[in-house]
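Asks: Coordinates only, no sequence provided:
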């Protein structure tokens with residue numbers, strides 16, 4: 001079996017406290033992972049630090065954007081960059097260690113063996129595995145996924161998860177269907193489109209630990225976008241023909 005190429009897309013905005021450590025952690029894994037940082041003009045100098053680290057890590061790449069343009073567009077920009085360079089497996093994860101970098105190996109195993117087309121690092125597939133979140137946020141996140149399952153019919157337990165591995169063929173097909181959400185609703189739309197296309201989605205249980213350094217980017221507006229966006233997404237899907245090419 002030919003060696004599969006991997007790249008981890010990590011969007012950043014004011015992650016100077018975490019960026020060096022997360023790059024070091026991903027780079028130290030046994031499976032070779034390239035890293036693409038997509039920085040939204042962080043005032044704290046995150047991009048400058050990445051440029052400095054590029055002299056140390058040959059697997060490190062950087063896209064600098066003009067401002068805070070949204071999580072979804074950051075990932076789509078990173079995915080396009082990775083697809084243009086023919087990576088086999090393309091990952092998304094946070095910069096703040098809420099996703100354990102070691103779990104990248106488990107996502108890799110699921111997708112590289114053919115078990116999964118999309119592998120999700122799931123907080124809710126085996127109970128509720130969230131550390132250091134207030135109860136109110138756990139309830140909001142958990143029942144957001146319940147709500148998405150009811151509206152869409154998807155069986156995915158953690159629909160808002162941001163720790164995912166995609167086979168490149170999945171992302172190439174998804175590009176044919178506009179992803180409209182720019183916040184956390186983006187995560188739902190991506191999974192929903194992959195599901196409608198008939199790709200095999202597998203959830204891998206992980207422990208999600210809230211960030212220790214830096215500040216959260218979650219807001220009420222982001223939650224509202226996801227809430228109403230799910231209904232609009234479902235309605236659009238009723239008039240869309242999904243065609244899988246791979």
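Replies: Here it is on my side, so go on. Please read these numbers as outputs of a predicted model, since none were measured by experiment.
Asks: Okay, now the unreliable bits of this protein?
Replies: Filtered on pLDDT under 70, the chain yields the residue ranges 1-2, 211-226, 246.
Asks: what about the helices in it?
Replies: Counting by DSSP state H, one finds helices in the chain at the ranges 19-27, 46-53, 71-84, 104-112, 135-152, 168-174, 185-196, 220-237.
Asks: so can I have JSON lines of those showing distance to residue 210?
Replies: Placement of C-beta: from N, CA and C, glycine included. Converted to JSON lines, the helices of the chain look like this (distance: least, C-beta to C-beta, whole Å):
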{"stretch": "helix 19-27", "distance to residue 210": "15"}
{"stretch": "helix 46-53", "distance to residue 210": "20"}
{"stretch": "helix 71-84", "distance to residue 210": "17"}
{"stretch": "helix 104-112", "distance to residue 210": "19"}
{"stretch": "helix 135-152", "distance to residue 210": "9"}
{"stretch": "helix 168-174", "distance to residue 210": "28"}
{"stretch": "helix 185-196", "distance to residue 210": "17"}
{"stretch": "helix 220-237", "distance to residue 210": "16"}
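Asks: if you compare these, which one is most tucked away?
Replies: Burial of the helices of the chain is given as mean neighbour count (mean count of other C-beta atoms under 10 Å); helix 185-196 ranks first at a mean of 24.
Asks: what's the closest of the helices of the chain to residue 95?
Replies: Checking the helices of the chain against residue 95 by C-beta to C-beta gives helix 19-27 as the closest, at 5.2 Å.
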